[in-house]
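**Student:** pasting a predicted model and its sequence here:
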Amino acid sequence: MTTLDTTFVRGQFPAFAEETLEQTVFLENAGGSHMCRQVMDRLDGFYRRCKVQPYYPNPVSMQAGHMMDEAYPALAAWMNVTPEEVYFGPSTSQNTYVLAHAVLGWLQPGDEVIVTNQDHEANSGAWRRLAQCGMTVKEWTVDPVTGSLHLDKLLPLITDRTKLLAFTHCSNILGEVNPVADICRAARERGVRTVVDGVSFAGHGLPDVRALGADIYLFSLYKVYGPHLGAMVIAPDMAENLHNQGHYFHEGVRVKRLMPSGPDHAQIGSAKGVADYFEALYQHHYSDGDTASAAHKAEAVRALLKQGEHAAMAALLDYIDGNDRLQLIGPADPDRRNPTISVLPAGKSPLELAEALGDKGILCGAGHFYSVRLVKALGIDPDLGVLRFSMVHYTSENDVKRLAAELDALL
């Protein structure tokens, strides 16, 4: 396997050349990753050259519209979907809120919706509120010891009135990657549509959404090295079930039907930069960049990102395993998880440790991270939460060594 060139990777992120960040270790990528220079260049270029209303009949306005239009096919290619399946909105939380209103009219009183207590509240609370409209909401609960979701606990919940299942690709507390394709297949065989929250997964490689079989797949571009936007992939036959949430005269305008507010022109215009970064990764590591298929490139880059993350993740998991003052939350096996790693420290609160680490230049997080239902199910006080270290492919083993040294001193 080709080894990820971390020197090249870090060179694509201006943050690593920023003097004020030179002595810091960034371990809160699950809250928002660094932005790659390809996105920054497009964002800066849009504001400098195209800050006008797009699509008006003049060259500058048409260029603005063209920059926005480029985002759809560029991102679609890395997820094995068509450009017409890609939608943007202000954030994943707001996109989910809009979707929960868009299903009204498709769902009828008495229809059933299944949610989990493993999810970020964005992909739980909005669907739970459908109970106020007469729908029946059921909960697929986690194992109270491990926090995992098990398919054999889901299937008995499904009846002939079940229409929708919302669950997460990867928990932002556990780091555990759920078997999305298996879950979606089981749901589809029983006539149930699926909404998958991919926010905590997508930064580790945009998935092949077609292979997953999700009817709706949600993620946040600002956690995939891009602008502060939410993105959605919606299968065409599912989109037919969603009612217009934009102005009534936009009923027939696909990109506006699920956007009650106006689009952020510059951020959509910069979103292609995420795809440009992945393309740059492929071109740097492989010699067939001009002839390889989009599917081959996507698969190769996913493997590169995973391989690049593995050493740092394994080193941190080994450190936690050897430290009796840290309790790991989620699986210890690096092959079952992404490098979003949460711990319960003995003798100190997570916030106290996060603050102390921050003073040492180790930037991490503490709290419940909007997964209140999950931490409660695990018997953790949500007011205290967990201490979380979230890494991506630009995190190095040296970053982990520095974290370990500072943690040893603090504990």
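**Tutor:** Arrived safely.

**Student:** C-alpha only now, for contacts and for neighbours.
**Tutor:** OK.

**Student:** so which residues of the chain form strands?
**Tutor:** Remark: strands assigned in the chain by DSSP state E are 25-26, 86-89, 112-116, 136-140, 162-168, 193-197, 216-220, 230-234, 326-329, 340-345, 362-363, 365-367, 386-390.

**Student:** show me what the fourth one is packed up against.
**Tutor:** Where contact means 3 or more Cα pairs under 8 Å, 6 or more residues apart in numbering; DSSP states H and E, strand 136-140 is packed against strand 112-116.

**Student:** so what are the sheet partners of the strand it packs on and their directions?
**Tutor:** When pairing is defined by DSSP bridges, strand 112-116 lines up against strand 136-140 (parallel), strand 162-168 (parallel).

**Student:** and the shortest one, what's its mean pLDDT?
**Tutor:** Mean pLDDT, taken over the full extent of strand 136-140, equals 98.

**Student:** can you give the distance of the longest helix along the chain from its chain's centre?
**Tutor:** Taking DSSP state H as the criterion, the chain has its longest helix at helix 294-321. The chain centroid and the centroid of helix 294-321 are separated by 16 Å, computed with Cα atoms, centre = their mean, to the nearest Å.

**Student:** buried residues, it. List them.
**Tutor:** Judged by neighbour count (16 or more other Cα atoms under 10 Å), helix 294-321 contains these buried residues: 294, 297-317, 320.

**Student:** could you say what helices and strands that helix packs with?
**Tutor:** helix 59-77, helix 272-285, strand 326-329, helix 397-410.

**Student:** what's the burial count for residue 48?
**Tutor:** Residues lying near residue 48 (other Cα atoms under 10 Å) number 9.

**Student:** quick one: it and residue 360, what's the gap?
**Tutor:** Counting by Cα to Cα, to the nearest Å, the separation of residue 48 from residue 360 is 37 Å.

**Student:** tell me the centre residue of this structure?
**Tutor:** Closest to where the C-alpha atoms of the chain average out (Cα atoms, centre = their mean) is residue 199, at 1.7 Å.

**Student:** pLDDT at it, what is it?
**Tutor:** For residue 199, pLDDT reads 98.

**Student:** which non-adjacent residue is nearest residue 87?
**Tutor:** Nearest residue to residue 87 in three dimensions, chain neighbours excluded: residue 232, at 5.0 Å (Cα to Cα, 6 or more residues apart in numbering).

**Student:** could you pull up the residues touching the one you found?
**Tutor:** 85-88, 95, 216-219 (Cα atoms under 8 Å, 6 or more residues apart in numbering).

**Student:** and if you look at residue 269?
**Tutor:** Residue 269 is in contact with 42-43, 46, 64-65, 67-71, counting by Cα under 8 Å, 6+ apart.

**Student:** ok, now how distant is the closest residue to residue 300 other than its chain neighbours from residue 6?
**Tutor:** Spatially, and ignoring its direct neighbours in sequence, residue 300 is nearest to residue 282 (7.5 Å; Cα to Cα, 6+ apart). As judged by Cα to Cα, residue 282 and residue 6 stand 13 Å apart.

**Student:** so between these two, which is more surrounded?
**Tutor:** residue 282 (20 against 14).

**Student:** how is the chain partitioned into domains?
**Tutor:** 6-34+301-410, 41-274 (automatic domain parsing).

**Student:** and the ones you listed as TSV, adding distance to residue 286?
**Tutor:** Output for those, formatted as TSV (distance: least, Cα to Cα, whole Å):
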stretch	distance to residue 286
domain 6-34+301-410	10
domain 41-274	17
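
**Student:** just so I know, which of these lies nearest residue 287?
**Tutor:** Closest approach to residue 287 among the domains of the chain is made by domain 6-34+301-410 (13.5 Å; Cα to Cα).

**Student:** for the record, mean pLDDT for the closest one?
**Tutor:** Per-residue scores along domain 6-34+301-410 average to 97.

**Student:** can you give me the end-to-end span of that domain?
**Tutor:** End-to-end for domain 6-34+301-410, by Cα to Cα: 29 Å.
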